[in-house]
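**Q** Take this sequence and fold it.
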Amino acid sequence: MIVCPNCNHSNPDGAQTCEACYTPLPATATCPNCGATVQTDASFCGQCGFNLKASRATEEIFAGDISTDVGNDIPALETPEPLVEPQRLVISAHPSAETSSQSYLVESVETPKSQSELTSPASDTTPLPTTPVSSAEQVSTVSGSPTGSSKTQLQQQTIKLLHVQTDTNIELPQNLGVIHIGKPNDRIPPDIDVSGFPNSEIVSRIHADIRVEGDAYFVEDVGSSNGTYVNSRPLQPGDRHRLRAGDRIALGKGDLVTFLFQMS
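**A** Prediction:
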């Protein structure tokens, strides 16, 4: 039986996990002296007291001797002969005409070539004829794409307001730094007119602004009568909120005129 170290539950021999708490059980082995089941990391057998560490050390030494003997039977590798013969140097002495001393010249004697190398055709060393390349082909090669291929166009991000009550998309103008939301009036004409939507009577003529700063969009209330809410939180006059995809903008109380800020 294997006793679980976590809950002390007795498990049958050969079990890998505890039947009660599913804790991994320690690996077991058989005592070489009495055959009882012991843990692999145990030092002595719990039945007969046999020294298990000494038995493991003997097995390791025996295994090392076997591996050493096997390794000695491997024959040594032969050193291959060089494929290219080295050049022979001939040192010849020539007397100098001006002085009595001798000057020594070193001459390099090459190994004679084989018959196949001497009879090889001369066309192997003849440069290949070059074909003239037109200027149009040169331009296409430098550009890295064939002539007439279409250029990669950068996709521009589209910002939209989705009117929740009517499921209508309103695309924000991309050439304006400040986008006015409201209804027609004599002071500041709205860039987004909500007068045609249901319950638009709760929206002020000059209600809210969306400001664009780089790739960031901010919404702020500009003194409306019924207020502006972002994600059910009111915006105080002068405060602004940076918009993120999915933000819910309500013009007025009661969530009657609501837009979802979308980026695509």
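**Q** Low-confidence stretches in the stretch 51-200 of the chain?
**A** 52, 55-76, 82-155 (pLDDT under 70).
**Q** hmm, try it at 80
**A** 51-157 (pLDDT under 80).
**Q** Next, count neighbours for I179.
**A** Other residues within reach of I179, judged by other C-beta atoms under 10 Å, total 20. For the C-beta atoms, the positions are set from N, CA and C on the backbone; glycine is no exception.
**Q** try N33
**A** With other C-beta under 10 Å as criterion, N33 counts 14.
**Q** Tell me the pLDDT of it.
**A** The score at N33 is 79. That number is its pLDDT.
**Q** what about it, distance to K253?
**A** 88 Å (C-beta to C-beta, to the nearest Å).
**Q** I figured S232 was touching R248, is that so?
**A** Yes - between S232 and R248 there is a contact under C-beta atoms under 8 Å: 7.3 Å.
**Q** Neighbour count: the two, which is higher?
**A** R248 (16 against 8).
**Q** And the contacts of stretch 180-196?
**A** Outside of stretch 180-196, the residues within contact range by C-beta atoms under 8 Å, 6 or more residues apart in numbering are 161, 170, 172-173, 176, 179, 200, 203-210, 251, 257.
**Q** Write the ChimeraX selection for whichever of those are buried.
**A** The following ChimeraX line selects those of the contacts of stretch 180-196 that are buried, judged by 16 or more other C-beta atoms under 10 Å:
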select :161,170,172,179,200,203,204,205,206,207,208,209,210,251,257
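**Q** for the nearest residue to K253 once chain neighbours are set aside, helix, strand, or coil?
**A** Distances taken as C-beta to C-beta, 6 or more residues apart in numbering place N226 nearest to K253, at 5.2 Å, with adjacent residues excluded. What DSSP: H, G, I helix; E, B strand; the rest coil gives for N226 is coil.
**Q** re earlier: next step: the contacts of stretch 180-196 restricted to strands.
**A** Counting by DSSP state E, the part of the contacts of stretch 180-196 found in strands is 161, 170, 179, 206-210, 251.
**Q** Assess the claim that N199 and T258 are in contact.
**A** No - applying C-beta under 8 Å, one finds N199 not in contact with T258, separated by 9.8 Å.
**Q** Can you work out which residues contact both of those two?
**A** In contact with both N199 and T258: Q165, using C-beta under 8 Å, 6+ apart.
**Q** For those two, indicate the residue with more neighbours.
**A** The residue with more neighbours, out of N199 and T258, is T258; 19 against 15, by other C-beta under 10 Å.
**Q** what's near enough to touch that one?
**A** 163-165, 248-251.
**Q** ok, now with 7 Å
**A** 164-165, 248-250 (C-beta atoms under 7 Å, 6 or more residues apart in numbering).
**Q** repeat for C4
**A** 11, 18, 20-21, 23, 25.
**Q** rewinding a little: what's the closest of the ones in strands among the contacts of stretch 180-196 to N51?
**A** The closest of the ones in strands among the contacts of stretch 180-196 to N51 turns out to be L161 (C-beta to C-beta; 82.2 Å).
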